[in-house]
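Enquirer: structure for the following, please:
(chains A and B)
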Protein chains: 2
Amino acid sequence: MKAAVMGYGTIGSGVVEVLDINGSSIAKRVGEPVEIKYVLDLRDFPGDPIQDKIVHDYKTIAEDPEVKIVVETMGGVEPAYTFVKAMLEVGKHVTTSNKALVAAKGAELIALAKEKNVNFMFEASVGGGIPIIRPLNSCLTADEIEEITGIVNGTTNYMMTEMSEKGADFDEVLKDAQAKGYAEKDPTADIEGYDACRKIAILTSLVCGQQVDFEDIHTEGITHISATDIKYAKAMGRAIKLLATSKKTDGGYVAMVAPFLLPKEHPLYNVNGVFNAIFVHGNVLGDAMFYGSGAGKLPTASAVVADVVEMAKNVDKNIPVEWSSKKLELVDYRSAENRFFVRVSGTDKASVEKVFGNVEYIDAQGVTGELGFVTEVMTEEALENKKAAYGEVLNVIRVA
Amino acid sequence: MKAAVMGYGTIGSGVVEVLDINGSSIAKRVGEPVEIKYVLDLRDFPGDPIQDKIVHDYKTIAEDPEVKIVVETMGGVEPAYTFVKAMLEVGKHVTTSNKALVAAKGAELIALAKEKNVNFMFEASVGGGIPIIRPLNSCLTADEIEEITGIVNGTTNYMMTEMSEKGADFDEVLKDAQAKGYAEKDPTADIEGYDACRKIAILTSLVCGQQVDFEDIHTEGITHISATDIKYAKAMGRAIKLLATSKKTDGGYVAMVAPFLLPKEHPLYNVNGVFNAIFVHGNVLGDAMFYGSGAGKLPTASAVVADVVEMAKNVDKNIPVEWSSKKLELVDYRSAENRFFVRVSGTDKASVEKVFGNVEYIDAQGVTGELGFVTEVMTEEALENKKAAYGEVLNVIRVA
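Expert: Below is the predicted model of the structure:
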């Protein structure tokens, strides 16, 4: 079974490494060895074991009928989209780790794969090595999924864990994460929640079977979380986590990316460091969770290669995926209901209660000159109105 | 798509209920409705919606060519084995929730299903509603699984959680669990670890691809765990959990069911109450965990019906499962290495150290007149020898 890898970066080279390390057991599962015939990259890699396999033109791969499976690990929508489409069109199976591509073009590429009787798989695009795409597609099929909520960004989860364990402030922890290689030089996509947003768009599309556009998902990052917020969280016995969440309500799906205060009892409460986890609530299954390494070279490559194995075992067959290009209109997030943790300057409880009504005050160790409190359940819109009516508010975090 | 249910007990009636509740979304996934044509049971169920579907002879189902899929939820090896074999032999797909049947006859029934070009599935036999069988078979396929360790018995996990939270003793918690319906009147299979043993036999067979006989697995239950042990666990910042575990060592697989002292950092540490979870370590994936409802009518039925959906989508195809009837010889558990927590009467440290060598003493609040300590890493056999050399030992628990 001949395969090709497009993009010899971290994940792409990890795929080559996994096929090398576990080649014999993979060959046993597939029924024959899986061999990398080409590696597409703009660069050459003199001295690398794959140096003779490097090609610079994707058409070399597209035009070789011996290649049945193509791995795309370039990242970004273009030129990945053009290349992947070309591979599917000539009847090659494709797996990708590229969340941007899947979020933007997933429905179209799934339909094209079906038309050509091949597969377009993307297990590694959400949750790194954690199996979640295939479980949603072939395990949780007896259920109506009423909620899917994930910690799907390792960078921000590492940062929130460090802030919580060390009491450090945002900027300090970001610098540490960058030094350790857990955060990029330009960390925007992670800390503003854009990465998590694309992932919850993919998961929601799979759950509802329609196209969910990531641009429609209300997205907040973690840049407004401070050491003081962490102190309040500890006083409440809660942890602050950046959640990407999607819930089925009577009116339809509400999706959001934002920090939440999670109680100790929540399965996601203990997901720390660079680990990821996806919580699922099914109407008959109840609560379930999938936990593991959400990023990293080998864990992510493990998920990509698992797709390769699945495609190799189904080389003459399209495995149906429910994700049509029909767009799903999400419910306006402002109608979503939550309790909210709010911090305001000063200690004038009468003013707080006049605007926010019944609240529960939180005493955080060493915090003075301000009030922190939890509201009753209200819509996002109601909270926005109250914020506007009150004047200056220091911070707001949703309480899960 | 016509199906039949054999055994109208808790799980069997749950399957009927799930197909009823989620019938329309299941029909969408399958491409046609899934309808229960027969329910096999010794009893009649006058007034029940399925009363007209009740049959008392399994041959009625076997001889009806319209029935493509059979659900077995009777429990026990016989007559389930005879019935399931008959169904596979006439070319019907079978799914079962019956761990005793799968542990004893899995390899044979998988081979028979393959020969007849149908499927024998058993997602619900381990971990109730948690997807673990299909993920092992079709998701973690790029890895060598080096460890699989589960909390796979809800009854004992509920009891250990209650003992930990309330400081209550074993007998008291058992009575409470029986009153709540979490433990059976005869709780032997749960509290002695026999149920967990069959489940880890199934998981190990899937991981290594060969037959692992549950009789070969060293199995200890939780009956020797006391409120005093819990006090020591708290002093160590650990939790006592009944683990079913299987590890790949240089010499082969070591499998065991026993209580372990888990550290806070372990993903299974926070699995509480009747929840189950299966921890997996792959050589490229790293750590992963699957968490959810390990028992209960609807969660377990959810897993059974997911098998029904998968079989309906692959009605003309056998999905290969690597589990040959060739027996795997496990490594003698006495060669397994651990640290051990040991309790002895009296306070004579010199005697302890003379036999057990370097130990770390644990001070547990309110415990007097005895010594509790953790040994260095040693084999099970070495520990047994030291126990014999010391004389009376109050309890031993493995430290994970």
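
Enquirer: how is chain A partitioned into domains?
Expert: Residue ranges for the domains of chain A, per automatic domain parsing: A:2-128+A:297-313, A:135-293, A:334-399.

Enquirer: to residue B:224, which of the ones you listed lies closest?
Expert: domain A:135-293 (28.2 Å; CB to CB). Every C-beta, even on glycine, is put in place using the N, C-alpha and C of the backbone.

Enquirer: what about the closest one, start to end distance?
Expert: Its first and final residues considered, domain A:135-293 spans 16 Å by CA to CA, to the nearest Å.

Enquirer: give me the mean pLDDT for that domain.
Expert: Throughout domain A:135-293, pLDDT has a mean value of 96.

Enquirer: that one and chain B, any residue contact?
Expert: Yes - on the criterion CB under 8 Å from any CB of the partner chain, domain A:135-293 is in touch with chain B at A:135, A:138-144, A:267, A:269-270, A:275, A:282-293.

Enquirer: surely residue A:248 is in a strand?
Expert: Yes - membership of residue A:248 in a strand is supported by DSSP: H, G, I helix; E, B strand; the rest coil.

Enquirer: so for stretch A:381-394, what gets flagged as buried?
Expert: By 16 or more other CB atoms under 10 Å in any protein chain shown, the buried positions in stretch A:381-394 come out as A:382-383, A:386-387, A:393.

Enquirer: ok, stretch A:91-109 next?
Expert: Neighbour counts over stretch A:91-109 (16+ other CB under 10 Å) mark A:92-109 as buried.

Enquirer: again with stretch A:256-266
Expert: Residues of stretch A:256-266 classed as buried: A:256-262, A:266 (neighbour count, 16+ other CB under 10 Å).

Enquirer: for the residue in chain A sticking out farthest from the centre, phi and psi?
Expert: Centroid-distance maximum for chain A: residue A:350 at 41.8 Å, with CA atoms, centre = their mean. Backbone torsions of residue A:350, given as degrees, to the nearest 10, read phi -60, psi -40.

Enquirer: for it, give me the pLDDT.
Expert: You'll see residue A:350 listed with a pLDDT of 97.

Enquirer: roughly how far does it sit from residue A:378?
Expert: Per CB to CB, to the nearest Å, residue A:350 is found 20 Å from residue A:378.

Enquirer: same question, residue A:31
Expert: Going from residue A:31 to residue A:378 by CB to CB gives 58 Å.

Enquirer: same question, residue A:146
Expert: To residue A:378, residue A:146 is 21 Å away according to CB to CB.

Enquirer: interface residues of the stretch 1-150 of chain A facing chain B?
Expert: Residues of the stretch 1-150 of chain A that fall close to chain B, judged by CB under 8 Å from any CB: A:17-18, A:21-22, A:25-26, A:28-29, A:123, A:129-131, A:134-135, A:138-144.

Enquirer: redo that, cut-off 6 Å
Expert: With CB under 6 Å from any CB of the partner chain as the criterion, the stretch 1-150 of chain A meets chain B at residues A:18, A:22, A:25, A:29, A:129, A:131, A:134-135, A:138-139, A:141-144.

Enquirer: would you show me how to pick out the buried ones of these in ChimeraX?
Expert: Of the residues of the stretch 1-150 of chain A next to chain B, the buried ones go into a single ChimeraX selection, burial set by 16+ other CB under 10 Å:
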select /A:18,22,25,29,129,131,134,135,138,139,141,142,143,144
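
Enquirer: among the residues of the stretch 1-150 of chain A next to chain B, which lie within helices?
Expert: Among the residues of the stretch 1-150 of chain A next to chain B, the residues falling in helices (DSSP state H) are A:18, A:25, A:29, A:134-135, A:138.

Enquirer: make JSON lines out of the buried residues of stretch A:381-394 and add distance to residue A:118, secondary structure and pLDDT.
Expert: As requested, those are arranged in JSON lines below (distance: CB to CB, whole Å; DSSP: H, G, I helix; E, B strand; the rest coil; pLDDT from 0 to 100):
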{"residue": "A:382", "distance to residue A:118": "49", "secondary structure": "helix", "pLDDT": "98"}
{"residue": "A:383", "distance to residue A:118": "48", "secondary structure": "helix", "pLDDT": "98"}
{"residue": "A:386", "distance to residue A:118": "53", "secondary structure": "helix", "pLDDT": "98"}
{"residue": "A:387", "distance to residue A:118": "51", "secondary structure": "helix", "pLDDT": "97"}
{"residue": "A:393", "distance to residue A:118": "53", "secondary structure": "coil", "pLDDT": "97"}
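
Enquirer: which among those gets closest to chain B?
Expert: Compare each of the buried residues of stretch A:381-394 with chain B using CB to the nearest CB and the shortest gap goes to residue A:383, at 30.8 Å.

Enquirer: identify the residue spatially nearest to that closest one, adjacent ones excluded.
Expert: Nearest non-adjacent residue to residue A:383, counting by CB to CB, 6 or more residues apart in numbering or on different chains: residue A:340, 5.2 Å away.

Enquirer: okay, now that neighbour: neighbour count?
Expert: Residue A:340 is flanked by 22 other residues according to other CB atoms under 10 Å in any protein chain shown.

Enquirer: surely it and residue A:377 touch.
Expert: No - at 9.1 Å, residue A:340 does not count as touching residue A:377 under the criterion of CB atoms under 6 Å.
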